[in-house]
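A.B. asks: sequence and computational prediction follow.
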Amino acid sequence: MSGDSILTVDRLSMRFGGIVAVNDLSFGAGRRKITALIGPNGAGKTTVFNCITGFYKPSDGTMRLQHEGGAEIRLERLNDFRISKQAKVARTFQNIRLFPGMTALENLMVAQHNALMLASGLTFLGLIGAPSWRTAEKRAIDLAKLWLERIGLIDRADDAAGNLPYGDQRRLEIARAMCTEPALLCLDEPAAGLNARESAALSELLLSIRAGQGTSILLIEHDMSVVMEISDHVVVMDYGVKISEGTPQQIRDDPKVIAAYLGADEDEAIAVMESGT
């Protein structure tokens, strides 16, 4: 991948006993870009995410996150907590993992727990209401309200997250991740279960995050309308290996990609492409 990469994955492999879920995968995610990781079910995409975010320790390969200013962090050497804290990598999941009994505002405050605990001197300064704690608390509330405004939920700040419509919960989960102020935001199927209107709102939100915050985004997504509309770069996997990468237009026209999705061979995919022209 040309240009400035925030994430470089080099020869990543992940084995579970005799099963090779990811095999010798290399790709880059551009800084201030949206990179999509796509492929049929079982291609190994979520396994790659789990390696990047520290849920799995890869069998082989390296994952280097380059912060602006030159600091490089080797993600394969860290666990999930340190990847979140030190590398500033945040993620969402296929299944929504909000705290349903907490309010929308409280969910965004929880995301800032680490900063608030430091400011509280591990609770003592918070108990006595020290100025440093009050300043940190105000900043956390302001940041949470900012993101509630951004996703159109400020009027429902005090509603339980579990009572929000599904599409609102999806956006709230992304807002919660953004409250950690990540350098790299990893989204695992953010459009899953959304209708056309909600998918359009999601696309608009992700484009605004890239433009407004300069946040780099890496996403897994099956909704090709979202992928093709917002991605700067697309990486395609099938059976644990990379079969193609390029711009959305290049991916759309690649017979290897069409074959993978149709379950056909490449010659059949070319025939399908030609029949449609």
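C.D. replies: Thanks, I have the structure now.
A.B. asks: just the CA atoms of stretch 246-263, as CSV, please.
C.D. replies: Provided in CSV are the C-alpha atoms of stretch 246-263 (Å, rounded to 0.1, in the frame of the first residue of the first chain):
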residue,chain,number,x,y,z
GLY,A,246,-6.8,-1.9,-4.1
THR,A,247,-9.3,0.8,-4.6
PRO,A,248,-13.0,0.0,-4.4
GLN,A,249,-13.2,0.2,-8.2
GLN,A,250,-10.3,-2.1,-8.6
ILE,A,251,-11.8,-4.6,-6.2
ARG,A,252,-15.2,-4.4,-7.9
ASP,A,253,-13.7,-5.3,-11.2
ASP,A,254,-11.4,-8.1,-10.0
PRO,A,255,-12.5,-11.6,-11.2
LYS,A,256,-10.8,-13.3,-8.2
VAL,A,257,-13.0,-11.3,-5.8
ILE,A,258,-16.2,-12.0,-7.8
ALA,A,259,-15.2,-15.7,-7.9
ALA,A,260,-14.7,-15.8,-4.1
TYR,A,261,-18.1,-14.3,-3.4
LEU,A,262,-19.9,-16.4,-6.1
GLY,A,263,-18.2,-19.6,-5.1
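A.B. asks: and it, how far out from the chain middle?
C.D. replies: Here stretch 246-263 is found 22 Å from its chain centre; the criterion is CA atoms, centre = their mean, to the nearest Å.
A.B. asks: list the buried residues of it.
C.D. replies: Gly246, Pro248, Ile251, Asp254, Pro255, Val257, Ile258, Ala259, Ala260 (16 or more other CB atoms under 10 Å). The way it works is simple: take the backbone N, C-alpha and C, and place the C-beta from them, glycine included.
A.B. asks: taking those one by one, which sit in helices?
C.D. replies: With helices taken from DSSP state H, the overlap with those comprises Pro248, Ile251, Pro255, Val257, Ile258, Ala259, Ala260.
A.B. asks: nearest to Thr92, of the residues you listed?
C.D. replies: Nearest to Thr92 among those is Pro248, at 21.9 Å by CB to CB.
A.B. asks: which non-adjacent residue is nearest that closest one?
C.D. replies: Distances taken as CB to CB, 6 or more residues apart in numbering place Met228 nearest to Pro248, at 4.5 Å, with adjacent residues excluded.
A.B. asks: thank you, goodbye.
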